[in-house]
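Visitor: Everything below, folded, please.
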Amino acid sequence: MAFVVACFVCLAADLCCLKPPQSKKLINLQTVFNKTMKWTWLIIILMLLIPTASAVTYPTLNGFVTDNANMIDPSYKDKITQLAQDIEKNSTVEIAVVTVNSLEGESVDMYAVNLFEKAGIGKKDKDNGLLILVAKDSRDYRFEVGYGLEGTITDSMKVNIGDRIIVPNFKNGDYGKGIYESMLVVKDLVNGNPEVVSQYSMPQGNIPQGGGGNIDFSSNGTDAFGALFVVLFILVVIFIVFVAIMSASYSTNTSWKRGRVYTPTRIPNMGWGMGGGGWAGGGGFGGGGFGGGGGGGRSGGGGFGGGFGGFGGGRSGGGGFGGKW
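Guide: As a prediction, the model looks like this:
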């Protein structure tokens, strides 16, 4: 952001270097336009590069359990892995347990969705994946489900799974135990155990305030950057128009030649070319320079070695529940 502001300052300084109309000479509007556009394109390019430079990094899932934050006891890690394998074998439901130190400024909801899509948890034709995400620094947890499990693992289960299993165990530092016990419930839910389904389901209206439910995409930090981008772009356009109007007005009122107003014969070219000075040239944004990135972000099949064959390319449904401990 500081660099973008510095570019605005440089633009203003560059324009101030233009000589005022002395000796009956007129400021060339083409020169003003070229200088303005040169800095404008530089600012726009830098703004486009900001998301790439500050992008959130997501862990690569190398098994059913990816404990990057070292929160899960090794004995429970083995039990969770075995349970996840059994669940997949009997129901084809894929479960990924992931712990991270930080969400890197992103909300737990959006981090879970993006990680889910990146890993492709669940079978591609069923979207029956479940991501159990735990963030150590912010003390957030999230159960993110695929489309195929939205009717099985609902946001109403935050009370009986989140508040009564996850939170008490996590507060005691028993992260592995909390995850394992919650997965035992999930196993019965996906198998359709009527007693467990009845016990762990509750009316939507009984969910207490403060967590769970579908994702509120309005809380995404990316939206804030998008709004900032729009504001800065509008300011750039207003600045260009202001400079052009002021320059034209100043030139008309002050430039005389032998008792008559001198009118510039050249009108700034509003095309893509920048004019002299090395900013002209075709196709700066053509040829796919900014296209294509991210295609196939939901594929996710394969890519893992050893006994873990990789997830099946499932998609997140945006549902599930979560909270803090």
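
Visitor: Report pLDDT for the closest residue to residue 157 other than its chain neighbours.
Guide: Ranked by Cβ to Cβ, 6 or more residues apart in numbering and with sequence neighbours excluded, the top spatial neighbour of residue 157 is residue 200, at 5.6 Å. Placement of C-beta: from N, CA and C, glycine included. The model reports residue 200 with a pLDDT of 85.

Visitor: which residues touch residue 200?
Guide: With contact set as Cβ atoms under 8 Å, 6 or more residues apart in numbering, residue 200 has these partners: 157, 160-161, 185, 189.

Visitor: Tabulate these (JSON lines), appending neighbour count, pLDDT and secondary structure.
Guide: Compiled in JSON lines, the contacts of residue 200 are given as follows (neighbours: other Cβ atoms under 10 Å; pLDDT from 0 to 100; DSSP: H, G, I helix; E, B strand; the rest coil):
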{"residue": "157", "neighbour count": "24", "pLDDT": "91", "secondary structure": "helix"}
{"residue": "160", "neighbour count": "16", "pLDDT": "92", "secondary structure": "helix"}
{"residue": "161", "neighbour count": "23", "pLDDT": "96", "secondary structure": "helix"}
{"residue": "185", "neighbour count": "19", "pLDDT": "96", "secondary structure": "helix"}
{"residue": "189", "neighbour count": "21", "pLDDT": "95", "secondary structure": "helix"}
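
Visitor: C-alpha coordinates for the helix or strand where residue 75 lies, PDB please?
Guide: Applying DSSP states H and E as the criterion places residue 75 in helix 74-91. What follows is helix 74-91, C-alpha atoms only, in PDB (Å, rounded to 0.1, in the frame of the first residue of the first chain):
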ATOM      1  CA  PRO A  74       1.300 -39.900  18.100                       C
ATOM      2  CA  SER A  75      -0.900 -42.600  19.600                       C
ATOM      3  CA  TYR A  76      -4.100 -40.800  18.700                       C
ATOM      4  CA  LYS A  77      -2.700 -39.900  15.300                       C
ATOM      5  CA  ASP A  78      -2.500 -43.700  14.500                       C
ATOM      6  CA  LYS A  79      -6.000 -44.300  15.900                       C
ATOM      7  CA  ILE A  80      -7.400 -41.400  13.800                       C
ATOM      8  CA  THR A  81      -5.700 -42.600  10.700                       C
ATOM      9  CA  GLN A  82      -7.000 -46.200  11.200                       C
ATOM     10  CA  LEU A  83     -10.500 -44.900  11.900                       C
ATOM     11  CA  ALA A  84     -10.500 -42.700   8.800                       C
ATOM     12  CA  GLN A  85      -9.400 -45.700   6.700                       C
ATOM     13  CA  ASP A  86     -12.200 -47.800   8.100                       C
ATOM     14  CA  ILE A  87     -14.800 -45.100   7.400                       C
ATOM     15  CA  GLU A  88     -13.600 -44.700   3.800                       C
ATOM     16  CA  LYS A  89     -13.600 -48.500   3.300                       C
ATOM     17  CA  ASN A  90     -17.200 -49.000   4.700                       C
ATOM     18  CA  SER A  91     -18.900 -45.800   3.400                       C
END
